[in-house]
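Asker: This is the structure alone, sequence omitted:
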């Protein structure tokens, strides 16, 4: 207990004793009974209801007894003294009411603090679990890579957003960004399954991103996994001249953004193709373009660009503008600044995977 708290507890008794002592020292012709409204009011600020009632009764008894000493029961003084005692009773009633409100408010605040601590612990545990499911940051040969994960502020569960990057047996690097529908443990479990299955398919089929997506879609049907998944799969093949070939296929996922070393920025938007989990028989398409040294690719989930109060196109325009301005910064700084622009509060989880083809120093605008 702090010193100020101790003083609050002893203050009513000290004031009660002080008023009685001063009254007695002032002589019989001076009555300070009216000041006895103070002890119950002071008790209401720091003590419980029983203590407040107790101090009110003590003040009333002390006032009645001091009135005898002060000769307040004569015909001339009786009315005034009675009013003073009624004032003590009224002050006690008011003090008990105020004390009740204070105790209720303190109890509510304690409950809210406990709930906030529990929510914070749940969020921290969910984020730690999500990161453990995602595994360590991917390492892809010949590329700079940075990842980030930001959980939704309104959810205390794990979710289905994930990123991945790994080297293929053919020497190319595969990059993956995906989002399983839902913000719960089943979504996270499905995400972990898909992540492992996609890696196995990519290494065993040695096919293009479109082939990997088609095979994974068939696996979802065969295993009867009732889920919907948006997914972008890409491969980057390095060339001897320092450039690289990017090949990607998109299953209903937000398109990647390419920030060129020369300062230009492009949203890699192509004809939309159906997300995974709806059914098989979908023709998946591969898209290709050439990457130059210093070019930066950003893969992300929809939480980065979706806003409740704005169209999705506005989110894409914002992201392209940010990459236009920041796309030549170090990848760690780029990802941190993008998340900082969200203000720390997002309606949906955000996963980022940023890669850069090293070589020439990227130009700055």
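Answerer: Thanks, I have it. For clarity, every value in this text was computed on a predicted model and none was experimentally measured.
Asker: now stretch 96-105: mean pLDDT?
Answerer: The average pLDDT within stretch 96-105 is 90.
Asker: likewise stretch 354-365?
Answerer: Mean predicted lDDT for stretch 354-365 stands at 69.
Asker: Stretch 140-158 too?
Answerer: Stretch 140-158 carries an average pLDDT of 77.
Asker: same question, stretch 74-92
Answerer: Across stretch 74-92, pLDDT averages out at 84.
Asker: Pretty sure residue 276 sits against residue 218.
Answerer: No. Between residue 276 and residue 218 there is no contact under Cβ atoms under 8 Å: 9.9 Å. No exception for glycine: its C-beta is placed from N, CA and C like everyone else's.
Asker: so what's the closest residue to residue 293 other than its chain neighbours up against?
Answerer: The spatial neighbour of residue 293 that comes closest, neighbours along the chain excluded (Cβ to Cβ, 6 or more residues apart in numbering), is residue 359 at 2.5 Å. The contact partners of residue 359, by Cβ atoms under 8 Å, 6 or more residues apart in numbering, come to 242, 292-294.
Asker: Dump the residues you listed to CSV, plus neighbour count, pLDDT and distance to residue 143.
Answerer: Output for those, formatted as CSV (neighbours: other Cβ atoms under 10 Å; pLDDT from 0 to 100; distance: Cβ to Cβ, whole Å):
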residue, neighbour count, pLDDT, distance to residue 143
242, 14, 89, 12
292, 16, 94, 13
293, 16, 94, 11
294, 20, 93, 12
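Asker: so, if you compare those, which one comes nearest to residue 36?
Answerer: Within the contacts of residue 359, proximity to residue 36 (Cβ to Cβ) peaks at residue 294, which comes in at 82.9 Å.
Asker: what's the neighbour count on the closest residue to residue 308 other than its chain neighbours?
Answerer: Excluding its sequence neighbours, the residue lying closest to residue 308 (Cβ to Cβ, 6+ apart) is residue 347, at 6.1 Å. Residues lying near residue 347 (other Cβ atoms under 10 Å) number 15.
Asker: Wasn't residue 347 part of a strand?
Answerer: No. With DSSP: H, G, I helix; E, B strand; the rest coil as the criterion, residue 347 is located in coil rather than a strand.
Asker: buried residues in stretch 138-146?
Answerer: Residues of stretch 138-146 classed as buried by neighbour count (16 or more other Cβ atoms under 10 Å): 138, 140, 143, 145-146.
Asker: Distance to residue 165 and secondary structure for those - can I get that in a markdown table?
Answerer: A markdown table is the format used below for the buried residues of stretch 138-146 (distance: Cβ to Cβ, whole Å; DSSP: H, G, I helix; E, B strand; the rest coil):
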| residue | distance to residue 165 | secondary structure |
| --- | --- | --- |
| 138 | 3 | coil |
| 140 | 5 | coil |
| 143 | 8 | coil |
| 145 | 6 | strand |
| 146 | 10 | strand |
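Asker: rewinding a little: and the residue nearest to residue 293, which helix or strand is it part of?
Answerer: Secondary structure assignment for residue 359, by DSSP states H and E: no helix or strand.
Asker: picking that back up, confidence score at the residue nearest to residue 308?
Answerer: Listed pLDDT for residue 347 reads 71.
Asker: Which pair in the contacts of residue 359 has the greatest spatial separation?
Answerer: Maximum pairwise distance in these, criterion Cβ to Cβ, is 9.9 Å, between 242 and 294.
Asker: buried ones in stretch 206-218?
Answerer: Residues of stretch 206-218 classed as buried: 208-217 (neighbour count, 16+ other Cβ under 10 Å).
Asker: ah, wrong one, I meant stretch 260-269
Answerer: Those would be 260-261, 265, 268, for stretch 260-269 by 16+ other Cβ under 10 Å.
Asker: and it, how far out from the chain's middle?
Answerer: Offset of stretch 260-269 from its chain centre (Cα atoms, centre = their mean, to the nearest Å): 32 Å.
Asker: again, but for stretch 326-339
Answerer: Taking the mean of its C-alpha atoms, stretch 326-339 sits 21 Å from the chain's own mean (Cα atoms, centre = their mean).
Asker: And for stretch 144-152?
Answerer: Centre-to-centre, stretch 144-152 and its host chain are 15 Å apart (Cα atoms, centre = their mean).
Asker: Contacts for that stretch next, please.
Answerer: Residues contacting stretch 144-152 (Cβ under 8 Å, 6+ apart): 123, 126-127, 130-131, 134, 137-139, 159, 161, 163, 165, 183, 303, 331-332, 334-336, 339, 342, 346-358.
Asker: Mind checking which of those are buried?
Answerer: Buried members of the contacts of stretch 144-152, scored by 16+ other Cβ under 10 Å, are 123, 126-127, 130, 134, 138, 159, 161, 163, 165, 183, 303, 331, 334-335, 339, 346, 348-357.
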